[in-house]
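1. Provide a 3D model corresponding to the input given below.
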Amino acid sequence: MLRLILLRHAKAAAYAGGGDAERALTTRGRSAARDIGVWLAQAAIKPDLAVISTARRTRETWAIVADAAHYDAPVLDEQRLYLAEPPVLLELMHLTPASVHTLLCVGHNPGFHDYALEMIGTDGEALMRLERGLPTAGLVIIDFDANHWRDVQQGSGQLVAFVTPEDVA
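-> Reported below is the predicted structural model:
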């Protein structure tokens, strides 16, 4: 079994002097990231690898989540995650090393929301909630019955959890 954790960055400032990629988290965003990190720690979910978009808001989100969850997983900064569309996300997932069983990615909408919906082949209440949107600091956990990331295909995942900051506050 392989597990994919998609985490949308927490709430960020509307503008930054250095452009979109330099937007920092707001106070609300930092609080939400901390709450999600605490939830992950309580759920005993630990990634083998964290792949993070190079945008400031994603790096800040990861730093807060990792601190709150007491993570020490290796981190890969990935420029291609910045505003990535689902085909790019699938390609990146297929490149994940076989030694990684739980992959956590921190990135952006609309790509993360669209990708999560494309990868999930199950239905249920959590999926109906997810279909309405993936809010900032929203977390999606998808399990795949596969031994290698390169074998994972669209629609083959099972939604394990969809958690928002409102759920854990």
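
2. Please count neighbours and contacts with C-alpha atoms only from this point.
-> Noted.

3. how about the strands of the chain, start to end?
-> 2-8, 49-53, 75-78, 102-107, 139-144, 157-163 (DSSP state E).

4. Quick one: the ones you listed as JSON lines, columns for distance to L127 and mean neighbour count too.
-> Below are the strands of the chain laid out as JSON lines (distance: least, CA to CA, whole Å; neighbours: other CA atoms under 10 Å):
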{"stretch": "strand 2-8", "distance to L127": "14", "mean neighbour count": "24"}
{"stretch": "strand 49-53", "distance to L127": "24", "mean neighbour count": "24"}
{"stretch": "strand 75-78", "distance to L127": "27", "mean neighbour count": "15"}
{"stretch": "strand 102-107", "distance to L127": "19", "mean neighbour count": "25"}
{"stretch": "strand 139-144", "distance to L127": "10", "mean neighbour count": "22"}
{"stretch": "strand 157-163", "distance to L127": "7", "mean neighbour count": "20"}
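
5. Tabulate those in a markdown table, adding columns for mean pLDDT and distance to A84.
-> Converted to a markdown table, these look like this (pLDDT from 0 to 100; distance: least, CA to CA, whole Å):
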| stretch | mean pLDDT | distance to A84 |
| --- | --- | --- |
| strand 2-8 | 98 | 12 |
| strand 49-53 | 98 | 9 |
| strand 75-78 | 96 | 10 |
| strand 102-107 | 98 | 8 |
| strand 139-144 | 97 | 16 |
| strand 157-163 | 95 | 20 |
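
6. Between those strands, which one is closest to A169.
-> Taking CA to CA, strand 157-163 is the member of these nearest to A169, at 10.7 Å.

7. Tell me what angle that closest one forms with strand 139-144.
-> Interaxial angle, strand 157-163 versus strand 139-144 (axes from the mean of the first three to the mean of the last three CA atoms, to 10 degrees): 160 degrees.

8. tell me what strand 157-163 is packed against?
-> Where contact means 3 or more CA pairs under 8 Å, 6 or more residues apart in numbering; DSSP states H and E, strand 157-163 is packed against helix 125-131, strand 139-144.

9. now do 10 Å
-> Judged by 3 or more CA pairs under 10 Å, 6 or more residues apart in numbering; DSSP states H and E, the packing partners of strand 157-163 are strand 2-8, helix 27-42, helix 111-119, helix 125-131, strand 139-144.

10. roughly how far is that strand from the heart of the chain?
-> Mean C-alpha position of strand 157-163 versus that of the full chain (CA atoms, centre = their mean, to the nearest Å) differs by 12 Å.

11. ok, back up a step: so which of the strands of the chain gets nearest G124?
-> strand 157-163 (8.8 Å).
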